[in-house]
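Student: everything below, folded, please.
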Amino acid sequence: MTTLQANTAQQQTAHPVVTAAVLTDYQLPGDTQIKAFGNGHINKTYLLTAGERRLILQQINTAIFPSAKDLVENALKIERHLLVKQQQGCYPMQVLRQQVKADGSYLAGLEGNLRALQFIDHGSSLEVVDTAAQAHAAALTFGQFAAALADFDATTLVTVIPDFHNLAMRFSQLQQAVATDKAGRLSQCRDLVELCLAQQQLVTELSQVAANLPLRVCHNDTKINNMLYSATEGRGIAAIDLDTCMAGYWMFDFGDMVRTCCSPEAEDSLNTELVRIRPEIFQALADGYLQGLAGVITAAERDSLLLGAQVMCLMIGIRFLADHLNGDSYFAIKRPDHNLQRARNQIRLYLDLTAQKNQLSACFA
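Tutor: Modelled structure (predicted):
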């Protein structure tokens, strides 16, 4: 056995997903270093390093994204549009790019659910926002991303997850999870379930507001760690993780930023009593997002942003709670009651947003 063969065999044993065939597809040598990368809830992600060359390889979770092909084609459409904007001097950030295989296609693996992304240098991900400047940078990054896609026909993107932000459906899913109590956990969180189900008036309010909003290309996962941040430059350098890019409303993208940036604690913190909305961070998010969307955002969209924050905190809290009741079948967990803790934290943010609603409304004046 040659050294190359030995190295390849070792890689296959240690990382059965990243086989010799996959490495060949992306023109990587058999001795490529393979490491688990990131902390995403859905897909498995690896960093592949061969000398100076680095790729991000993702195993797309087809239980969540049934068509890996649709997901990649959506990302390619967005990539090409942003590259044109970048060349025109209208998009100041780097563009996340899919890595083409040697045969000109993009998906690899026996099940066709592996794709590679070009690694973006000089950026890091933040898990918790420490300063208003970081929050402003994140909001400006996602605002500029949205603005660059404002003239892109959102209806040309495949809806990879139907009803992703359908609040009425999320309430129904929670009610079904309560009715079946598949994992026998209802007794430990009945108070939280009742609190959530008492918020269903938001479904009507959301429907009335959305009726006046234009359909936009939305990132749909604007968590703080989906911005690559340059600490030396104090700014975002790329919006990443485009898997959930679909047609939707900017209020939800703003809301996702609020729920992941405004608390001084991580999404799954065990210190629920410390979870809260920091008004100075909320203000920085509003300022940054509106700056990024200057000249593009409508008055109705601007007025919808605070509601979007409330809805997103409540909706993701409901989703975490339903998954906990169902036995953690959707979101990856790392400890017992992980999704329940996530749910408690999100609902606490929702309640704090509601309590501060009048004060926070002034952020958009």
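
Student: mind listing what the closest residue to Ser124 other than its chain neighbours touches?
Tutor: Leaving aside its sequence neighbours, Ser124 sits nearest to Tyr229 (C-beta to C-beta, 6 or more residues apart in numbering; 5.8 Å). (C-beta placed from N, C-alpha, C; glycine too.) Counting by C-beta atoms under 8 Å, 6 or more residues apart in numbering, Tyr229 touches 123-126, 134, 137-138, 235-237.

Student: 7 Å instead?
Tutor: Contact analysis of Tyr229 by C-beta atoms under 7 Å, 6 or more residues apart in numbering lists 123-124, 126, 137, 236.

Student: repeat that for Thr354.
Tutor: Contacts of Thr354 (C-beta under 7 Å, 6+ apart): Gln310.

Student: quick check, nearest of the contacts of Tyr229 to Lys77?
Tutor: Distance to Lys77, by C-beta to C-beta, is smallest for Gly236 among those, at 21.9 Å.

Student: where does that closest one sit, in terms of helix or strand?
Tutor: strand 235-239 (DSSP states H and E).

Student: partner strands of that strand, parallel or antiparallel?
Tutor: Next to strand 235-239 in the sheet, as set by DSSP bridges, lie strand 227-230 (antiparallel).

Student: rewinding a little: can you name the next helix or strand after the strand holding Gly236?
Tutor: Taking DSSP H and E, what comes next after strand 235-239 is strand 246-248.

Student: ok, Lys85 to Leu149 distance?
Tutor: Using C-beta to C-beta, to the nearest Å, one gets 8 Å for the distance from Lys85 to Leu149.

Student: the two: who's more crowded?
Tutor: Using other C-beta atoms under 10 Å as the criterion, Lys85 and Leu149 rank with Leu149 on top: 23 against 20.

Student: skipping its backbone neighbours, what lies nearest that one in space?
Tutor: Closest to Leu149 by C-beta to C-beta, 6+ apart is Val217, at 4.1 Å.

Student: surely that neighbour touches Cys245?
Tutor: Yes. Counting by C-beta atoms under 7 Å, Val217 touches Cys245, with 6.4 Å between them.

Student: can you give me the strands for this structure?
Tutor: 33-36, 44-50, 53-59, 107-108, 114-118, 216-218, 227-230, 235-239, 246-248 (DSSP state E).

Student: I'd like those strands written out as CSV, with mean pLDDT and distance to Leu195 added.
Tutor: Converted to CSV, these look like this (pLDDT from 0 to 100; distance: least, C-beta to C-beta, whole Å):
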stretch, mean pLDDT, distance to Leu195
strand 33-36, 92, 36
strand 44-50, 93, 34
strand 53-59, 94, 36
strand 107-108, 95, 43
strand 114-118, 95, 39
strand 216-218, 97, 28
strand 227-230, 92, 31
strand 235-239, 94, 33
strand 246-248, 97, 27
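
Student: pick the most buried one from the ones you listed.
Tutor: Most buried of the strands of the chain, by mean neighbour count (mean count of other C-beta atoms under 10 Å): strand 216-218, with a mean of 25.

Student: return the set of buried residues in stretch 347-358.
Tutor: 347-353 (16 or more other C-beta atoms under 10 Å).

Student: what mean pLDDT does that stretch get?
Tutor: Summarised as a single mean, pLDDT over stretch 347-358 is 97.

Student: distance between it and the chain's centre?
Tutor: With C-alpha atoms, centre = their mean, to the nearest Å as the basis, stretch 347-358 stands 22 Å off its chain's centre.

Student: any stretches of this protein with poor pLDDT?
Tutor: Applying pLDDT under 70 to the chain picks out residues 1-15, 39-41.
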